[in-house]
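**Student:** sequence unknown, structure follows:
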Ligand SMILES: Nc1ncnc2c1ncn2[C@H]1C[C@H](O)[C@@H](COP(=O)(O)OP(=O)(O)OP(=O)(O)O)O1
């Protein structure tokens, strides 16, 4: 009897383990199905020739009537009753000779009264798409912008070209407010653009009542919502007051609205559409690719990487303007000091500085009195310096959206510029604890980490996938480190390493102990407390390899994050992830692509990248110029970068 019970218990354990495996496999297959469905929808959309439509990714609904290529061409090329005036103002007021792609279509659509979302990379000239129609329309255009500094930059520019524009914000004087409110209902329209913050719309009844009067008098020509992604919680810069802007379209349904953003996925736009109460807006998406920007990721392989940054600035970027983005205000101060010690004219910029100091740094940088601004993300919106030759990230951004926007401040003049990220292991966890309260913070950070950890796929193609862009691999033209330096990586079987490192965390957890990623690294390399050493298989991998494998396991669900809160700080620990159980299964293997030059890996079984044969020792090393195999690989594995 006892034997029977023992056997049944053993069988039950084994069945339960097997069931767990099956469930994990089902989860993996479901994930794959969802990715394939979303890819399928994308391809169908491409085949239909639709150039816009904001279907949420993965939706299986039939696309709504979309704006066709012919429609786009019509709005880019045809003459309209306002075309002469628009062209005249472009040259005489803005001193520009021609439009950039999509500007003309956006202006024509807006002039013909359509609601519009314009997604255009940072620095491509979105502002012109509402400033120019404002000059050619009766009345004034209401512009909602998230930051006073951003409005002030635009007002300064508009003043310099003699365009009458004003702002109403918390710091407007009583007299100014009175004058502006009266101007809104003046038939002679003393200004053509009125800039306000979303807070002002939400809080000022007086402003709403004047808007209503202006609307009834036919003087509210257009509403422009700048940085429209701020409406959506899923966007990277959510502002609660943007949520209330739906009132505008509800109260003023006949006024065309244009929403502008540099980065928004189709689901974020869908959300904005609902929040702003616009029905079926036309979405124009400019090619997100900035061909003049070179993207590169460098691993922080020593403590002194700030010296590497200084060497770049003094060497390759001598006398050229740039930005170094850092993680914290303290880093901004410290790194600026470090750079100054190396005779680089650098100044910090962050949110806690006095507004006058911030303005001074901005001005000195714009006029080349200083070479580098060492900044937190506070140095962002509204920065319009054309000749920024480098944007270096001292620490990774918290999302790809943020990275795209921050790095996009380089090369607005269309001349070549570099965007370099320094990728460090510990930074991941610093940022992770910072975004712990954000709904999608961890997922977004993981996408950014996957972008940096990537060694085999064109960096642009990763961004394109992220932004739901249809991508053709030729478009990079060796303007990222991966495409330029080729397939300099090997695919390694890391199953045994994964088992070893996962067992360290498992063992600690069985003793009720939590390990930070740093502690896991150290324990695995034999530097942990003596009590652990007996049970640990110490690795001969280098520190960089150890870090890369831990990151890989975290991105792929073998580890997951375990936060612990104290009144002063948040700690990041590693715990077993949902897939860790798979490592107990002898048929389960994990491979990982790593940069070549890994002598300590010589004992590790190498696997062919392409045919999955576990015994082959094929190592890819050809550069794109020598082989186009790389391209087909990038195409083949395009959709599965998301951890
Ligand atoms: N058709 C054009 N030809 C040449 N330069 C142009 C044209 N349109 C705009 N520009 C210039 C003006 C600015 O110096 C620069 C960026 O324009 P701007 O409207 O500030 O970009 P943006 O609004 O897309 O960027 P951001 O996302 O940072 O707000 O491009």
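**Tutor:** Received it, and whenever you're ready, just let me know what you need. Everything quoted here is computed from the prediction, not taken from an experiment. Numbering: from 1, shown residues only.
**Student:** now do the contacts for residue 348.
**Tutor:** Residues in contact with residue 348 (CB atoms under 8 Å, 6 or more residues apart in numbering) are 329, 332, 333, 335, 336, 361, 373, 374, 375. Placement of C-beta: from N, CA and C, glycine included.
**Student:** what sits against the residue in the stretch 51-200 of the chain positioned nearest to the ligand?
**Tutor:** Nearest to the ligand in the stretch 51-200 of the chain, going by CB to the nearest ligand atom, is residue 125, at a distance of 2.7 Å. Neighbouring residues of residue 125 by CB under 8 Å, 6+ apart: 100, 103.
**Student:** that one in helix, strand or coil?
**Tutor:** Under DSSP: H, G, I helix; E, B strand; the rest coil, residue 125 falls in the coil class.
**Student:** generate TSV for the contacts of residue 348, with distance to the ligand and secondary structure as supplementary columns.
**Tutor:** Shown next, in TSV, are the contacts of residue 348 (distance: CB to the nearest ligand atom, whole Å; DSSP: H, G, I helix; E, B strand; the rest coil):
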residue	distance to the ligand	secondary structure
329	23	helix
332	21	helix
333	26	helix
335	24	helix
336	23	helix
361	18	helix
373	15	strand
374	20	strand
375	15	strand
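**Student:** residue 375 against residue 323, yeah?
**Tutor:** Yes - in terms of CB atoms under 8 Å, residue 375 counts as a neighbour of residue 323; the distance is 6.0 Å.
**Student:** of the two, who's got more company?
**Tutor:** Between residue 375 and residue 323, counting by other CB atoms under 10 Å, residue 375 is the more crowded of the two (31 against 25).
**Student:** the residue lying closest to the more buried one once chain neighbours are set aside and residue 336, how far apart?
**Tutor:** Leaving out its chain neighbours, the residue that sits closest to residue 375 by CB to CB, 6 or more residues apart in numbering is residue 349, at 4.1 Å. The gap separating residue 349 from residue 336 is 9 Å, by CB to CB, to the nearest Å.
**Student:** likewise for residue 595?
**Tutor:** Distance from residue 595 to residue 336, by CB to CB: 31 Å.
**Student:** near the ligand, which residues of the stretch 101-250 of the chain show up?
**Tutor:** Counting by CB under 6 Å from any ligand atom, the stretch 101-250 of the chain comes close to the ligand at 103, 120, 122, 123, 124, 125, 126, 127, 128.
**Student:** ranges for the strands of the stretch 51-200 of the chain?
**Tutor:** Ranges of strands within the stretch 51-200 of the chain are 116-119, 140-144, 165-168, 193-196, based on DSSP state E, counting those that start in this stretch.
**Student:** each with direction, which strands does the third one pair with?
**Tutor:** In this case it means strand 165-168. Applying DSSP bridges to the sheet, strand 165-168 is found paired with strand 193-196 (parallel).
**Student:** pull out the buried positions in the partner strand.
**Tutor:** The neighbour-count check on strand 193-196 (16 or more other CB atoms under 10 Å) flags 193, 194, 195, 196 as buried.
**Student:** these two touch, right, residue 519 and residue 528?
**Tutor:** Yes - if you go by CB under 8 Å, residue 519 and residue 528 touch, sitting 6.7 Å apart.
**Student:** ok, for residue 570, nearest residue in space, not its chain neighbours?
**Tutor:** In space, residue 570 is closest to residue 433, 4.1 Å off (CB to CB, 6+ apart).
**Student:** quick one: mean pLDDT for the helix or strand the one you found falls within?
**Tutor:** Taking DSSP states H and E as the definition, residue 433 sits inside helix 425-434. For helix 425-434, the mean pLDDT works out to 96.
**Student:** from the contact counts, what lies against that helix?
**Tutor:** Packing contacts for helix 425-434, counted by 3 or more CB pairs under 8 Å, 6 or more residues apart in numbering; DSSP states H and E, involve helix 441-453, helix 517-524, helix 543-555, strand 570-576.
**Student:** just read off the phi/psi values of the residue in the stretch 301-450 of the chain positioned nearest to the ligand.
**Tutor:** Residue nearest to the ligand within the stretch 301-450 of the chain: residue 384 (4.7 Å; CB to the nearest ligand atom). Here is the backbone geometry of residue 384 (degrees, to the nearest 10): phi -130, psi 60.
**Student:** any idea how far residue 122 is from it?
**Tutor:** Where residue 122 is concerned, residue 384 sits at a distance of 10 Å (CB to CB).
**Student:** so what sits against both of those two?
**Tutor:** Both residue 384 and residue 122 are in contact with residue 412, where contact means CB under 8 Å, 6+ apart.
**Student:** mind pulling up the pLDDT for the most centrally placed residue in the chain?
**Tutor:** Centroid-nearest residue in the chain: residue 401, 1.3 Å away (criterion: CA atoms, centre = their mean). Note on residue 401: pLDDT of 88.
**Student:** what does the one 3 residues further on give?
**Tutor:** Model confidence at residue 404, given as pLDDT, is 92.
**Student:** and the helices in the stretch 101-250 of the chain?
**Tutor:** According to DSSP state H, counting those that start in this stretch, the stretch 101-250 of the chain carries its helices in the segments 103-111, 128-135, 148-160, 174-184, 198-203, 205-216, 246-251.
**Student:** meant to ask about the stretch 501-643 of the chain
**Tutor:** Ranges of helices in the stretch 501-643 of the chain, per DSSP H, counting those that start in this stretch, are 517-524, 530-533, 543-555, 629-636.
**Student:** up against the ligand, what does the stretch 401-550 of the chain have?
**Tutor:** So the stretch 401-550 of the chain meets the ligand at residue 412 (CB under 6 Å from any ligand atom).
**Student:** what ranges of the stretch 401-550 of the chain fall below the confidence cut-off?
**Tutor:** Counting by pLDDT under 70, the ranges of the stretch 401-550 of the chain that qualify are 487, 530-534.
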